[in-house]
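In: Build me a model from this:
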Amino acid sequence: MKKIKYPGLKSTSDGSAIVVWVETHITQGACAYPITPSTTMGSGYQAIVSNGGTNIWGEELAFIELESEHSAATTCEGFALAGGRVTNFTSGQGLILMKEVLYTISGKRLPIVFHIGARALTSQSLNVHAGHDDVMGVSDCGWGMMFSQNVQEAGDLALIARKTAELTSTPFFNIMDGFLTTHTIENVLLPEPELMDEYISKPQDKLVNFMDPYHPVMTGVVQNQDSYMKGKIAQRNYTDKIESILENSMNEFYELTGREYKLVTAYKLDDAEWAIIGLGSMMETTKATIDYLRKENGLKVGLLNITSFRPFPGNKIVKMLKHLKGITILERMDNPLAESNPLTMEIKSSFTDYYSHNDTNNIQIPKIYSGSAGLGSRDIRPSDIISVYNNMINNDKKYFAIGIKHELGLDSEERIDVRPEGAFSMRGHSVGGYGSVTTNKIMATIVADLFDLYVQAYPKYGSEKKGLPTTYYLTISPDPIKTHNELEFVEFVPLNDINAFNLSNPLNGLQKGGLLFVQTNKIDPKEIWSDFPNWAQNKIQKDEINVLALDMVKVAKEVSSKPDLRQRMQGIVLLGVFLQSTPYYKKSSLTEDDLMLGVEKSIRKYFGKRGEQVVQDNLNAVRRGFTEVIKVPLEIINSHQGENK
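Out: Purely as a prediction, here's the structure:
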C-alpha cells in the first residue's frame with residue numbers, strides 16, 4: 001500500500017474550528033461582520049490574531065471587523081486587489097447583503113474564498129438555522145460553490161477551494177450547513193501545516209497586486225456599448241477551465257492525503273433503481289438509511305451527493321443517473337414561483353442537454369421527483385428518507401415536503417435505528433446558559449482522545465438561547481457515524497431540572513437498561529425517587545432504567561472561584577457523572593489519574609485562555625461529579641407501586 005505523505009492530525013473539531021485552523025495557517029487576513037451561525041468562525045480567527053498569531057510563513061495576521069457584511073465584502077475586494085490572501089465568514093441575510101460586491105469580485109477575477117454557514121433567509125419569520133436559500137440567492141454571481149457533508153469535508157474543501165480559486169482567478173464559496181455542521185463536533189484529521197505549505201504555497205508566489213504603481217492596470221472601469229459585452233463574454237476564457245482544474249486540485253489533494261473528493265460522489269448507485277440527489281449534511285443520514293433499506297428490505301436504492309454546485313457538472317451527473325427508474329432531488333429550500341427548486345432545475349436542464357434521446361431517438365429519462373427538506377434545520381430522520389424512496393416507488397407526489405404535517409407532506413411513521421452497531425447515544429435536556437453545550441463538546445473530545453472512538457456531538461436550541469430549554473446530543477461508536485439527526489434512540493438522558501417531566505417526555509427513546517440522571521438538591525435516594533411522577537416511575541421500572549442524581553448547582557457554587565461562572569459550571573459537573581456512569585472508563589485500562597489528565601487536556605483546550613484558576617475550578621467540578629454521583633438503588637425503584645397517570 002502506498003504510504004500517505006500527509007495523513008492528517010487526529011483531533012476533534014466542529015466545522016467552524018476546522019475552517020479557522022486552515023485559514024489562520026494560509027491566509028494573511030480576514031474581513032468579516034458577525035452573523036449567526038458563522039460568527040464562531042470570525043471570532044475564532046480574531047482570537048488567533050489577538051494572541052499574535054501568524055500564518056505558516058511567519059506573517060502577522062489581520063482581522064478587520066466592519067459595520068456590515070456589505071462593507072466586509074468590499075474590504076475583502078480591496079485586500080485581494082492589493083495582492084493579499086483574504087477570507088470571510090458569513091451566513092443568511094449577510095450573504096445576500098453582499099451580493100452587489102460579489103459580482104465585482106468575480107468580474108475582477110479575484111481569488112477569494114468565503115466560508116458560509118448556510119442559513120435560512122428571514123421570510124415569513126426569522127430563523128437562524130440551516131437552509132440553502134441564502135447560497136442559492138447568490139449562485140448567479142460567478143463564484144465557485146462547494147458543499148460539505150460533514151466537518152472533515154469543510155476543512156478539506158477550504159484548501160481545495162483556495163487552490164482552485166488561485167489557479168483559475170475565480171472566487172469560491174466553501175459551504176456547510178449552519179449549526180448542523182458549523183457547530184457539530186466530530187472526529188477529524190486536521191491538515192498538517194506542511195501539507196498546507198506544499199499544497200497552497202505562500203501568497204507572494206501566486207497572487208497579483210493590482211495596486212502596484214510600477215505595474216499599473218485599470219480595473220473596475222466604465223464600459224459602454226462598444227466594450228461591455230466583449231469583456232463579459234471574455235470571462236468564459238476563465239470559467240470554461242474551472243471544472244477540469246477543480247478536478248485536478250481534488251486529485252492532487254487525494255495523492256497527498258489519501259482523502260478523495262470528486263465533483264459528485266455516488267453511494268451504492270451501480271445497481272440502484274431509485275436514488276436521492278442532494279447537498280450537504282442530509283446526505284449523511286441518507287447513506288445510513290440506504291444501508292438499512294438494502295439490508296432489511298432488499299431495496300436497490302442509492303444516492304448522488306453533489307459537492308460542486310458551481311461549476312455544475314451536468315454531464316457527469318447524467319451519466320451516473322441515466323440508468324435509474326426514478327430520482328428524487330432533496331433541497332433545503334423552497335422557491336414555489338420557479339419552475340422547480342434550483343438543484344432540481346439544474347438536473348432537469350442537464351438531462352435536456354446531455355441525454356434527451358436514446359438510441360431509438362425516443363426521449364427517455366428517469367422519473368424526476370423533487371422535495372423540500374430540513375428548512376430552518378427541521379429534523380430529517382431516517383423515516384423521512386424512507387418515505388422519499390417509497391414516494392418514488394409508488395409514483396406518488398412529484399413535489400413534496402418531508403418532516404411536516406401538510407397536504408404536500410409525506411407520511412413517515414416508521415422509526416428505525418440506523419446508528420452503527422455498538423453505538424451509545426446521549427440526549428441531554430438543559431437550559432441555555434448552564435454550560436451543557438460546551439460540556440457536550442468536551443465529552444466528545446475526551447471520549448475520542450482517551451478511548452479512540454468515533455464521536456458526534458451537537459446542540460439544538462433556538463435563536464433565543466440563554467434561559468430557555470436546550471437539547472444536546474452525543475453519539476459514541478466504534479465505527480464512523482453517518483446519520484445526522486435528532487436522536488430517537490438513546491442510552492443516557494441527563495436532566496438539569498426534574499421539571500422536564502412536566503414539559504415533555506424526556507424518557508422517550510431511552511433504551512431498556514439505560515441511564516437517567518437528574519439534578520436535585522436531595523441526597524436521600526428515597527426522596528430523589530419520590531420526586532418522579534408516577535408515569536415516569538412506571539416507565540423506569542418497566543425498562544429497568546438506572547437512576548443517577550447529584551446537586552450540580554451546589555457543587556458548582558462550592559468549586560467556582562468566580563461567581564459569574566457558577567451557573568455554567570453546572571454542566572462541567574455532569575462531565576464527571578458521565579465518565580463515572582458510562583461504560584468507557586470502566587472498560588479501559590486507564591487509572592483514575594490518567595483519566596483526569598485527559599480531562600485536564602480537554603478543559604485546557606476550551607478554558608485555558610481564561611486562566612489557570614478557571615482550569616482548576618473546572619477540574620474540581622469534574623472530580624466531584626465523578627466521585628459524588630448518587631445511584632438510586634434498584635430495591636427502591638422496584639418497591640414502587642405507582643398508578644399510571
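
In: who's in contact with residue 210?
Out: By CB atoms under 8 Å, 6 or more residues apart in numbering, the contact list for residue 210 reads 81, 82, 83, 108, 217, 219. C-beta here means a position set from N, CA and C on the backbone, and glycine is covered the same way.

In: excluding its backbone neighbours, what's nearest it?
Out: Nearest non-adjacent residue to residue 210, counting by CB to CB, 6 or more residues apart in numbering: residue 81, 4.6 Å away.

In: neighbours around the residue nearest to residue 572 when sequence neighbours are not counted, how many?
Out: Excluding its sequence neighbours, the residue lying closest to residue 572 (CB to CB, 6+ apart) is residue 621, at 4.4 Å. Using other CB atoms under 10 Å, residue 621 has 28 neighbouring residues.

In: Let me know the helix or strand that residue 621 is in.
Out: Element membership for residue 621 (DSSP states H and E) is helix 612-628.

In: Which elements pack onto that helix?
Out: Counting contacts by 3 or more CB pairs under 8 Å, 6 or more residues apart in numbering; DSSP states H and E, helix 612-628 packs against helix 552-559, helix 566-581, helix 592-607.

In: got the angle between the shortest one and helix 566-581?
Out: For helix 552-559 and helix 566-581, the angle between their directions (axes from the mean of the first three to the mean of the last three CA atoms, to 10 degrees) works out to 110 degrees.

In: do the last one as well
Out: Using the same axes, to 10 degrees, one finds that helix 592-607 and helix 566-581 are set 150 degrees apart in direction.

In: which parts of helix 592-607 are buried?
Out: Residues of helix 592-607 classed as buried by neighbour count (16 or more other CB atoms under 10 Å): 595, 596, 598, 599, 600, 602, 603, 606, 607.

In: which strands and helices sit next to that helix?
Out: helix 436-451, helix 566-581, helix 612-628.

In: quick one: low-confidence ranges for the stretch 451-600 of the chain?
Out: Along the stretch 451-600 of the chain, segments meeting pLDDT under 70 span 462-468.

In: Which residue, other than its chain neighbours, is closest to residue 312?
Out: Nearest one to residue 312, counting by CB to CB, 6+ apart, is residue 346 at 5.4 Å.

In: what's the neighbour count on the one you found?
Out: Every residue meeting other CB under 10 Å relative to residue 346 is counted, giving 20.

In: Touching the least confident helix or strand in the chain by mean pLDDT from outside, list them.
Out: Counting by mean pLDDT, DSSP states H and E, the chain has its least confident helix or strand at helix 500-503, which shows a mean of 82. If you take CB under 8 Å, 6+ apart as the criterion, helix 500-503 is touched by 429, 469, 506, 532, 533, 536.

In: of those, closest to residue 170?
Out: Proximity of these to residue 170 (CB to CB) peaks at residue 469, which lies at 44.4 Å.

In: Any figure for the gap between the closest one and residue 496?
Out: Residue 469 sits 10 Å away from residue 496, going by CB to CB, to the nearest Å.

In: Between the two, which is the more surrounded one?
Out: With neighbours defined as other CB under 10 Å, residue 469 and residue 496 compare such that residue 496 has more, 23 against 17.

In: Please report the distance of the nearest residue to that one once chain neighbours are set aside from residue 567.
Out: Leaving aside its sequence neighbours, residue 496 sits nearest to residue 430 (CB to CB, 6+ apart; 4.2 Å). Distance, residue 430 to residue 567, by CB to CB: 11 Å.

In: Tell me which of these two has more neighbours.
Out: residue 430 (26 against 17).

In: I'd like to know the beta-bridge partner residues of the more buried one.
Out: residue 470 (DSSP bridges).

In: quick one: it and residue 438 touch, right?
Out: No: using CB atoms under 8 Å, residue 430 makes no contact with residue 438, being 10.9 Å away.

In: Can you pull the residues that touch both of the two?
Out: With CB under 8 Å, 6+ apart, residue 430 and residue 438 have common neighbours residue 571.
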